[in-house]
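take a look and give me a structure for this.
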Amino acid sequence: MLAWHFLPEDKRLGYGDGRLVEVGATLECEGEPALCSNGMHGSARLIDALKYASGPIVCRVDIEGDVIEEEDKLCGRRRTVLWMMDATDLLHEFACQCAEDALALLEEPDSRSVAAIAAKRRWLEGDISDDELDTARAAADEAAAWTADDAARAAADEAAAWTADDAARDAAWAASRAAVRAAAWDVAWSAARDAARAANDGAAWWAADDARRAAISKQDARLTEMVMEAHEDDEE
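Have a look, this model is predicted:
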């Protein structure tokens, strides 16, 4: 079954395994596959794989052998990497786009949050230093208020928060996961959820959940397109 999986920069399996992952090589688990405890894992959707990512190396994989599936993950006995790529810069850009989605939910986005996203893109181009990006992030942090209406501002803070000095903490995927959470999971969900609570409306509550799922699907489609385009460019 085709799936997605992320690796750390050293391309080695975690949880004490340590095996090096290489394109074309098939790795197999010992014992019976069991979700979250044993087996070669992955996710059918890229956005779900990002949620479990250990680093910025994205892999397209084939998982086979007694495959077990849940909503956001799956596992089997064997996993073969069909191709892989370092998605560090791509994930930083994805984080910026997620943050922009979140800010678009506000009638008047704080200029400091908007500036933080612009600063991250300038940093990616090498136009500003880590210190200058930190300054923009600090300003966005002041703008971010943790309420349902203002949660979007926090997405800009998260998107700008990770610099080159954070490489040991897998900067790119951490920023992306945080921004996606703020943009797609928390913001769209919390605003509609709070409205449903205020109205004591069960139908509105389920509508809020639908909005959350739609937002996640949108982010998945965007990230998948970005990764596939980058992979195709690498192949040329």
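
okay, now the residue nearest to E28 when sequence neighbours are not counted: neighbour count?
In space, and not counting its chain neighbours, E28 is closest to R78: 4.7 Å by C-beta to C-beta, 6 or more residues apart in numbering. Yep, even glycine has a C-beta here, placed from its N, CA and C like the rest. When counting by other C-beta atoms under 10 Å, one arrives at 18 neighbours for R78.

before we move on, what about D233?
The burial count assigned to D233 is 9, neighbours taken as other C-beta under 10 Å.

quickly find the element holding it.
With the criterion set as DSSP states H and E, the secondary-structure element containing D233 is helix 202-235.

could you double-check that E28 sits in contact with T80?
No - look at E28 against T80 with C-beta atoms under 8 Å: they stay out of range, at 9.8 Å.

of the two, which one has the most company?
Between E28 and T80, counted using other C-beta under 10 Å, the more crowded position is T80 (18 against 13).

ok, back up a step: the helix holding D233 packs against which elements?
For helix 202-235, the packing partners by 3 or more C-beta pairs under 8 Å, 6 or more residues apart in numbering; DSSP states H and E come out as helix 46-51, strand 78-86, helix 88-103, helix 188-199.

deepest of the ones you listed, which one?
Mean neighbour counts were taken over these using mean count of other C-beta atoms under 10 Å, and the top value, a mean of 24, falls to helix 88-103.

sec struct for V58, please.
V58 falls in the strand class when you classify it by DSSP: H, G, I helix; E, B strand; the rest coil.

contacts only, for C75.
Contacts here follow C-beta atoms under 8 Å, 6 or more residues apart in numbering; on that basis C75 touches 33-35, 38-42, 63, 67-68.

rewinding a little: for the helices and strands packed on helix 202-235, which one sits closest to W123?
Of all the helices and strands packed on helix 202-235, the one in closest proximity to W123, counting by C-beta to C-beta, is helix 88-103 (8.3 Å).

C-terminal to the closest one, what's the next element?
Sequence order places helix 111-124 as the next helix or strand after helix 88-103, per DSSP H and E.

so where's the protein shaky on pLDDT?
Counting by pLDDT under 70, the ranges of the chain that qualify are 142-209, 211.

now the helices and strands packed on helix 202-235 as CSV including distance to V114?
Written out in CSV, the entries for these read as follows (distance: least, C-beta to C-beta, whole Å):
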stretch, distance to V114
helix 46-51, 24
strand 78-86, 28
helix 88-103, 7
helix 188-199, 19
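
and G24, which of the ones you listed is closest to it?
Comparing those against G24 with C-beta to C-beta, the closest turns out to be strand 78-86 (7.0 Å).

partner strands of that closest one and their direction?
Neighbouring strands of strand 78-86 in its sheet, by DSSP bridges, are strand 26-28 (antiparallel), strand 57-64 (antiparallel).

that older thread, who wins for proximity to R212 among the helices and strands packed on helix 202-235?
Between R212 and these, the tightest spacing by C-beta to C-beta is seen for helix 188-199, at 3.9 Å.

for the nearest residue in space to A53 that is not next to it in sequence, give me phi and psi.
Ranked by C-beta to C-beta, 6+ apart and with sequence neighbours excluded, the top spatial neighbour of A53 is F6, at 3.5 Å. Listed backbone geometry of F6 is phi -110, psi 150, with angles given as degrees, to the nearest 10.

any idea how far G76 is from the closest residue to V58 other than its chain neighbours?
In space, V58 comes closest to A87 once its chain neighbours are excluded; the distance is 4.5 Å by C-beta to C-beta, 6+ apart. Distance of A87 to G76, given as C-beta to C-beta, to the nearest Å: 24 Å.

and if you look at L91?
From L91 across to G76, the span is 26 Å (C-beta to C-beta).

nice, that's everything, thank you.
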